[in-house]
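Engineer: prediction below, plus the sequence it came from.
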Amino acid sequence: MNFCSSIRVALVALALSSMSAVPLAGQTLTGDALRVEVQGNQATILIKSGESWKPALSASGSAVLVRTTDGFHRCSLGHASVIERGLLFTGDCPVGKFEQRILLSDERDVLRVWTRLTLRHDADIRSIEDRWDFMPPRRDVSTPNEGPLDFVWSQNIKNEPDDIIPTYGFKSPAVMMQQGAVFAALMPELSTRRVLPLALDLDVTSEECPWMSAGQMPSEPYGHSYFRRAAEAHPKILADTVEYSYSIAASQQPERLGYRRVVRRLWSTLGHPELVDSPGMQQNIIRPELRSFASWRKEAWQQEANRIYIGFACGSKQCGTLPSNRNINGKWDHPGPDAWFNAWFQTLRTAYGWYTYGRDAQDADAMAKAESVLNVILSAPQKQGAFPTIYLVDRHEWIPEDGWAGYQDSYHSFCMSWTAYWMLRWIEDLTPGRAAEVLPFVKSYGDFLLQHQLPSGVIPSWYNAQSLEPRTEFRDFNAETGPSALFLATLGAVTHDARYTAAAERAMEFVTKEVLPRQRWFDFETYLSCARKDYSFYDKWTAQYPQNNLAEIEAVRAWLVLYQSTHKREYLDRGVNALDYLLLTQQLWNNPSFSPRLLGGFTTQNTDAEWSDARQGYVATLLLDYYRVTGHEEYLERAIAAARSTFAVAPWENWAHTGHIDEPGALTGFHWGTGSAMTSVEIMQPVLGDAFIDLKRAQGAGFDECSLTDLRIESGAVAFNLRSPDQRAFVVRFAGVEPSRRYRIRVNGGTVREVGGRELLANG
């Protein structure tokens, strides 16, 4: 195999100079699966492949690159020596001297890197970074299904060549490249106390070799929402030194799936410790008295829902809605009474949570009001199955679609499918007596999708409200096919009609063949929301497409539903792979630049930058469902973190909407904030209680205002510690219980209590 040359060509529009270097004697650091070789002035990181070693990353003349007022300069490697479990590099830079330690770690495929630059007193430096070339050669091709590399990932893609991924973009902090089985990633070391101008950068196409870098690179925001290298700012300098550290993961991985290694590592090193250490993470930033789900339940359903509810007659039934703070034309200061059945503002899903609360609290008024929302959507006029998804109460008028992030004259399959899916959830979970009304409605819509699904499997997104002809936008390609597949798969499971299941399978085969190869997760939000861009937008520097996670969330659930209904293992495998990719948009630390706790929240896409967006409530229940099928404890913990995260920033839809200002985002309404988050809690808490233990899997976690640690299970004896900032009774729910067995329970080292399995299942 021919590997990428380590000789660089000039950076486009940037001056890059190298200092003179003296050839060095060879030094080698060898671990179980990684090797670092120094020959002359070149350091190469190699990965174990069978009995041989393959180059993954390389740096010529040292990896250290400094930027001054006259451009970029590569520091020269002067000396390399062996230290305990590592190598020590030292050398000269135009502004001072550097030393760099590369150390083996307890993880076979991870190196720890620490770099320090000691500056001359008169030095003026703009940035410093370690830049590594990715060695497998790239292809000279870029099509929708094949790019220069098999896989590239960064949280933010580029609008200009000088764009970087700053600390503000560190949700799941990493940059990754993979070609064939050779995978490499850089992951910065973070602090929840100190704010440093850390950043990541990468480029796939501009130079002879693709490269990745990590270091201190001050940034400046522009547009919505991009960050470029700052022209005048400086790194954090203390006592004439600049420091940073990061990890390199490099190993042989399944093709296009190396990112799963990073997902596992980021949770184990960042997310899990922070979750265990944050039992009160859902405490609100503005109203700190709201910190348990019980307090939020009262706030959401007894106060807010009742306050905003609007009831009205529709035919012989009572209809009602929980209005949003929206306007169909984007005039946010002029909201009106409405009912949105949208991919974001899904009134029927929120009503599902309200009804669940009312049933458990024996609150007949809450149940009746919630069910009146179901009456609203059942009153929507259908045209060959298609139906409008916005109702304007004052005008007694149905609107096909949002005119700001969509096309007001067209039906939108994403919104219709998400709504019809929740209509099915209502009759399956809450009101089976309404099936005779719901099924004809949703089957008519299902038949509409069958009629319009193209031979490729794609389901067009928008349909002219008069002719029902698909719009050309998102007709032949879109990732919104996933949400429609979710509805069709669920409809097939409920009705046992194989036509709907087969259509869902064809739809997800389209996603597998056309979306996954280059992760082209195109949905309406990718282009038509606040991060607006042309449908042709493409990052030619990093060879990445814009992608958004809203339709992706429902596509991942579609694979799970198909697995459960067909028992085909490949659907679960595809779902798990896609879920792990989705998790790269989950926040795994509490960034000290921002006031709220941000752990567990989700951002939206790679061309926007908000933190803790309300979609995390959708992902929380998805993660719990995947945990219950796979037994993967990380999914349980991530589900809990996601469920808690909205409450820290409620009632707003997100935090730091442009990515960097410590302030709340828009107040778009109950359905994209408190209500949607509380609905997820109502779905999850019957399973998880305040804390949860699976006895068969020997796994557990705290859910509501507590952390569960030190779980020990042996011969019917169950011991664990429960930690909380509050002193109250906690309900611990159990799974994997043998009903006929007696269990001995000890909490926080206290008195042992013996409980029968049936009682444990019933009462926790």
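Structural biologist: Everything's here; your move.

Engineer: nearest residue to residue 279 in space, please, no chain neighbours.
Structural biologist: Leaving out its chain neighbours, the residue that sits closest to residue 279 by Cβ to Cβ, 6 or more residues apart in numbering is residue 707, at 4.3 Å. Just so you know, the C-beta spots here come from the backbone N, C-alpha and C atoms, and that holds for glycine as well.

Engineer: show me the contacts for the one you found.
Structural biologist: 275-279, 701, 722-724 (Cβ atoms under 8 Å, 6 or more residues apart in numbering).

Engineer: over to residue 130?
Structural biologist: Contacts of residue 130 (Cβ under 8 Å, 6+ apart): 59, 63-65, 100, 113, 115, 213-215, 246.

Engineer: can you give me the strands in the stretch 551-700 of the chain?
Structural biologist: In the stretch 551-700 of the chain, the strands defined using DSSP state E, counting those that start in this stretch lie at 691-694, 699-702.

Engineer: in TSV: these, plus mean neighbour count.
Structural biologist: Output for these, formatted as TSV (neighbours: other Cβ atoms under 10 Å):
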stretch	mean neighbour count
strand 691-694	24
strand 699-702	24
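
Engineer: ok, which of those comes nearest residue 578?
Structural biologist: strand 699-702 (23.0 Å; Cβ to Cβ).

Engineer: need the CA coordinates for the following helix or strand past the closest one. CSV is fine.
Structural biologist: Using DSSP states H and E, the next helix or strand after strand 699-702 towards the C-terminus is strand 707-714. Provided in CSV are the C-alpha atoms of strand 707-714 (Å, rounded to 0.1, in the frame of the first residue of the first chain):
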residue,chain,number,x,y,z
SER,A,707,-26.9,9.0,41.5
LEU,A,708,-26.7,5.2,42.0
THR,A,709,-23.2,3.8,42.5
ASP,A,710,-21.4,0.7,43.9
LEU,A,711,-24.0,-1.7,42.8
ARG,A,712,-23.3,-5.3,44.0
ILE,A,713,-25.5,-8.3,43.3
GLU,A,714,-24.7,-11.7,44.6
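
Engineer: list of residues touching whichever helix or strand comes after strand 707-714?
Structural biologist: Next along the chain after strand 707-714, taking DSSP H and E as the criterion, comes strand 717-723. Under the criterion Cβ under 8 Å, 6+ apart, residues 279, 691, 693, 695, 700, 702, 706-713, 730, 732, 743-749, 752 lie in contact with strand 717-723.

Engineer: in ChimeraX, how would I select the buried members of these?
Structural biologist: This is how ChimeraX selects the buried members of the contacts of strand 717-723, with burial counted by 16 or more other Cβ atoms under 10 Å:
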select :279,691,693,695,700,702,706,707,708,711,713,730,732,743,745,747
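
Engineer: in CSV: the strands of the stretch 551-700 of the chain, plus distance to residue 393.
Structural biologist: Conversion of the strands of the stretch 551-700 of the chain to CSV gives the following (distance: least, Cβ to Cβ, whole Å):
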stretch, distance to residue 393
strand 691-694, 41
strand 699-702, 42
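
Engineer: adjacent strands (with direction) for the host helix or strand of residue 117?
Structural biologist: Applying DSSP H and E as the criterion places residue 117 in strand 110-119. Paired strands of strand 110-119, with direction, are strand 96-104 (antiparallel), strand 241-252 (antiparallel) (DSSP bridges).

Engineer: same question for stretch 572-584: list its buried residues.
Structural biologist: Within stretch 572-584, the residues scored as buried using 16+ other Cβ under 10 Å are 572, 574-584.

Engineer: hang on, the earlier thing: contact partners of the strand holding residue 117?
Structural biologist: 34, 36, 45, 64, 66, 93, 95-105, 125, 128, 130, 215, 237, 240-250, 265.

Engineer: put the buried members of these into a ChimeraX selection.
Structural biologist: A single ChimeraX command selects the buried members of the contacts of strand 110-119 (16+ other Cβ under 10 Å):
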select :34,36,45,64,66,93,95,96,98,99,100,101,102,103,104,105,125,128,130,215,242,243,244,245,246,247,248,249,250,265
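
Engineer: got the contact list for the residue nearest in space to the middle of the chain?
Structural biologist: For the chain, residue 585 is the residue whose C-alpha lies nearest the centre (Cα atoms, centre = their mean; 2.6 Å). Residues near residue 585 by Cβ under 8 Å, 6+ apart: 155, 171-172, 549, 602-605.

Engineer: repeat the analysis, applying 10 Å as the threshold.
Structural biologist: The neighbours of residue 585, taking Cβ atoms under 10 Å, 6 or more residues apart in numbering as the test, are 155, 171-172, 547-549, 552-553, 601-606, 613, 615-616, 619.

Engineer: where exactly do the strands run in the stretch 101-250 of the chain?
Structural biologist: 110-119, 127-134, 151-154, 165-166, 175-179, 182-188, 198-203, 211-216, 219-222, 226-229, 241-252.

Engineer: sorry, back to before: any chance of the strands paired with strand 110-119 in a markdown table, plus distance to residue 398?
Structural biologist: Output for the strands paired with strand 110-119, formatted as a markdown table (distance: least, Cβ to Cβ, whole Å):
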| stretch | distance to residue 398 |
| --- | --- |
| strand 96-104 | 63 |
| strand 241-252 | 52 |
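
Engineer: of those, which is nearest residue 758?
Structural biologist: Here strand 241-252 is closest among those (Cβ to Cβ), at 46.8 Å.

Engineer: could you check the angle strand 127-134 makes with the closest one?
Structural biologist: 20 degrees (axes from the mean of the first three to the mean of the last three Cα atoms, to 10 degrees).

Engineer: for the residue nearest to residue 236 when sequence neighbours are not counted, grab the count of nearby residues.
Structural biologist: Setting aside the residues directly before and after it, residue 236 is nearest to residue 196 in space (Cβ to Cβ, 6+ apart), at 5.1 Å. With neighbours defined by other Cβ atoms under 10 Å, the count for residue 196 comes to 18.

Engineer: for residue 454, same thing?
Structural biologist: Using other Cβ under 10 Å, residue 454 has 16 other residues around it.

Engineer: now this protein, which segments are flagged as low pLDDT?
Structural biologist: By pLDDT under 70, the weakly predicted segments of the chain are 1-2, 5-25.

Engineer: take the contacts of residue 707 and, keeping just the buried ones, write it as a PyMOL select command.
Structural biologist: Restricted to buried positions by 16+ other Cβ under 10 Å, the PyMOL selection for the contacts of residue 707 reads:
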select buried, resi 275+278+279+701+722+724
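
Engineer: hang on, the earlier thing: just the ones in helices from the contacts of residue 585, please.
Structural biologist: Among these, the ones falling in helices (DSSP state H) are 552-553, 616, 619.

Engineer: list the beta-bridge partners for residue 65.
Structural biologist: Taking DSSP bridges as the rule, residue 65 bridges to residue 74, residue 129.

Engineer: would you confirm that it contacts residue 133?
Structural biologist: No - contact criterion Cβ atoms under 10 Å: residue 65 and residue 133 do not qualify, at 11.7 Å.

Engineer: now do the shared contacts for the two.
Structural biologist: What both residue 65 and residue 133 touch, as defined by Cβ under 10 Å, 6+ apart, is the set 59, 211.

Engineer: mind checking which helix or strand residue 483 is in?
Structural biologist: In this assignment (DSSP H and E), residue 483 forms part of helix 481-495.

Engineer: the inter-axis angle of whichever helix or strand comes after that helix versus helix 481-495?
Structural biologist: Later in the chain than helix 481-495, the nearest helix or strand by DSSP H and E is helix 498-510. Here the directions of helix 498-510 and helix 481-495 differ by 160 degrees (the same axes, to 10 degrees).

Engineer: quick one: buried residues of helix 498-510?
Structural biologist: 500-501, 503-508, 510.
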